[in-house]
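S.K.: I'd like to go over a predicted model; first the sequence, then the structure.
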Amino acid sequence: MPYKPIADYGLIGDMHTAALVARDGSIDWLCLPDFDSPSVFAALLDNEKGGYFRISPSSGDHQTRQFYFPGSNVLITRFTAPDSVIQIADFMLVHDETVSGDGQFEKPRGRTIVRHVTGVQGTSQLRLECCPRFNYARASHEIHHTPDGVVFRSERGPAVSLACGDYHIWNEGVVSEFTLSVGESKTFVLAEVDGHSRHIVSLTPEQGETAFRATAEFWRRWLSRCTYRGRWREVVHRSALTLKLLTYQPTGAIVAAPTTSLPETIGGVRNWDYRYTWVRDAAFTLYGFMRIGLTDEARAFTRFIGQRAREPERDTPLQIMYGIRGEHELNEETLDHLEGYKGSRPVRIGNGAYGQLQLDIYGELMDSIYLYNKYGSPISYSLWQEMRRILNWVTENWDRPDEGIWEVRGGRQHFVYSKLMSWVALDRGARLADRRSFPSDRERWLKERDRIYEEIMARGWNERMQSFVQCYDSDVLDASVLLMPLVFFLAPRDPMLLSTIKAIERNLTRDSLVSRYDVQRAAPDGLAGEEGTFTMCTFWLVEALTRSGRLDDARFLFERMLNYANHLGLYSEEIGSSGELLGNFPQAFTHLGLISAAFNLDRALGEGV
């Protein structure tokens, strides 16, 4: 089968891992048991070797529609032909939900995907194909037969069972063909099982319907805590539900995306593993969650970041990213046996950027702690002690060159954004000390904070361009400076900021889409090729326009961005020149940017429509 557009996929999950389900009924990406585990299905990265699990009509004479069951992360795919309609409800069992009633069943312990197929109209012939390829298609597997289905057992690693009734072996997997008439249903269960077990996890059609209803109700109960009631309620709710799917429940960590190596340009080398947690996301995550009333998620993520801050220092107080359990070493390797999405190589697992110096993370950390103390719960003295230690480190190290927010691999520079966020760190530290009357080195912090401010104004501003720029004394624009009014570095209508916004609109914006910087002119980032526009940068521009008073422009830009989401309201990291989604998908940072932009634009517009 040919590669599908990235936009063709929906996401299901259980807050431990997630799967991508295409419009044609194929699960083309799944890692077990967790987000960062080796893949079981990876047709997304190699459509011949990667493995997949498809359920679809046997004939190709049908149209497809895909949507989420209202207020939930249950994905519905409908196949419509002139004389028949079939519906598949795809979801993962969430172990917090209760399942009761006539279809009550005991939930399995491992990760479990349920595919509940129903005949809606007429009679349809359907075909199931399940072809797992364990460990990124590097490990062979055995197939063990039972009356109810099969167990696929990898030579090392996980085993999964598939309850599928009648089947035959095909292509190191299984095929099952069946017929459904109106009102009939079948439930197929793919479940992680013990490596030595031949137990098949199965559900009757009645139990499958019960599981469907219970899972949908779990998500709707969770979403009912969201307090956003503004103009863009539906898209904000979808972003919140997506962020919850990207949360690793045991620790509260949030992965940047559930995928690896989806390219920033087709055929290019800018392919990274995003199945980890970035400290940078902390402030945006806390702000986004708390603004819409999801304080439990904010608390869990704060706890995860706080635990990292308490760990023994290495070269720096914090890494830029961690594994979802707090792992430090995320060693990068390439999978040369995989073709990559549409031939985009290399395919990478792990992320070598974990060892970079990125000074901006301390501003994002302190801003998140400050916000949580203000809008969530007062922080503890023990956490303050760790923050105080980090702030003292920042006063001694903020003037070092670093790799910056975009994780360049071409050498360290004095990035303006890194200096800006170092200013934020010391500013928020001093404010928090005042608010809580904590013991502090306040005068020292304020002295260095003011030095940073004056240095940015002197060396980060290009008089000829009438704009703030990417690096000190450069002539390269960078969208990250759009955050200056958001972090209260400059007044929203400061003339220097207004001219910077106009420069970014002229030079980095194409058809309302914003690039992070000009890759041909920027400080060498160590990589070849082009990239798409960065979706979150467009939402930053929406916020900058909102705060500067250009509300009509901000609203028009925001509404246009909503049209670049896929059919389910999901965004990838980037958007290509033809409007195609690029990069890892869906991306948490983008959905956080949407929530923040929607909240602040809605508030600025007031009660009027």
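M.R.: Okay, I see it.
S.K.: on the three-state scheme, G60 is what?
M.R.: Assigned by DSSP: H, G, I helix; E, B strand; the rest coil, the conformation of G60 is coil.
S.K.: how many other residues sit next to it?
M.R.: Counted with other CB atoms under 10 Å, the neighbours of G60 add up to 8. (Each C-beta comes from the backbone N, C-alpha and C, glycine too.)
S.K.: if I look at it, what pLDDT would I see?
M.R.: If you check G60, the pLDDT there is 74.
S.K.: low-confidence ranges, this structure, go.
M.R.: The chain contains residues with pLDDT under 70 at 96-107, 195, 197, 520-530, 607-609.
S.K.: please, where are all the helices along it?
M.R.: 134-137, 205-223, 233-245, 281-291, 295-309, 360-371, 381-397, 416-436, 442-459, 495-507, 535-547, 551-562, 588-605 (DSSP state H).
S.K.: nearest to P317, out of those helices?
M.R.: With respect to P317, and counting by CB to CB, the nearest of these is helix 381-397 at 4.6 Å.
S.K.: the domain parsing of the protein - what is it?
M.R.: As assigned by automatic domain parsing, the chain contains the domains 6-223, 233-605.
S.K.: got the contact list for T533?
M.R.: 510, 513-515, 574-576 (CB atoms under 8 Å, 6 or more residues apart in numbering).
S.K.: filter those to the buried ones?
M.R.: For the contacts of T533, a burial check counting by 16 or more other CB atoms under 10 Å picks out 513-515, 574-576.
S.K.: rewinding a little: just put the contacts of T533 in CSV and tack on distance to T334.
M.R.: Putting these into CSV (distance: CB to CB, whole Å) gives the following:
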residue, distance to T334
R510, 32
L513, 30
V514, 30
S515, 27
E574, 21
I575, 26
G576, 24
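S.K.: one step back: ok, the buried ones among the contacts of T533 vs R388, which is closest?
M.R.: Taking CB to CB as the measure, R388 sits nearest to V514 out of those, at 36.7 Å.
S.K.: rewinding a little: quick check: the farthest pair among the buried ones among the contacts of T533?
M.R.: Every pair of these checked by CB to CB; the farthest is V514 and G576, at 13.7 Å.
S.K.: between the helices of the chain, which one is nearest to S467?
M.R.: Using CB to CB, the nearest of the helices of the chain to S467 is helix 495-507, at 3.8 Å.
S.K.: got the buried residues for that closest one?
M.R.: Neighbour-count burial for helix 495-507 flags 497-498, 500-501, 503-505, 507 (criterion: 16+ other CB under 10 Å).
S.K.: can you check stretch 344-358 too?
M.R.: Here stretch 344-358 shows 344-345, 347-351, 353-358 as buried, counting by 16+ other CB under 10 Å.
S.K.: what about that stretch, how long is it end to end?
M.R.: End-to-end distance of stretch 344-358 (CA to CA, to the nearest Å): 27 Å.
S.K.: A89 and T210, how far apart?
M.R.: Applying CB to CB, to the nearest Å, the value for A89 to T210 is 12 Å.
S.K.: who has more neighbours, the two?
M.R.: Neighbours around A89 and T210, counted as other CB under 10 Å, are more numerous at A89. The numbers are 24 against 21.
S.K.: OK, contacts around that one?
M.R.: Shown in contact with A89 (CB under 8 Å, 6+ apart): 69, 74-76, 114-118, 212.
S.K.: could you redo the last one with a cut-off of 10 Å?
M.R.: Contact analysis of A89 by CB atoms under 10 Å, 6 or more residues apart in numbering lists 12, 69, 74-77, 114-118, 185, 187, 208-209, 211-213, 215-216.
S.K.: go on, Y136?
M.R.: Counting by CB under 10 Å, 6+ apart, Y136 touches 31, 38-40, 42, 45-46, 49-51, 260, 335, 337-338, 347, 349.
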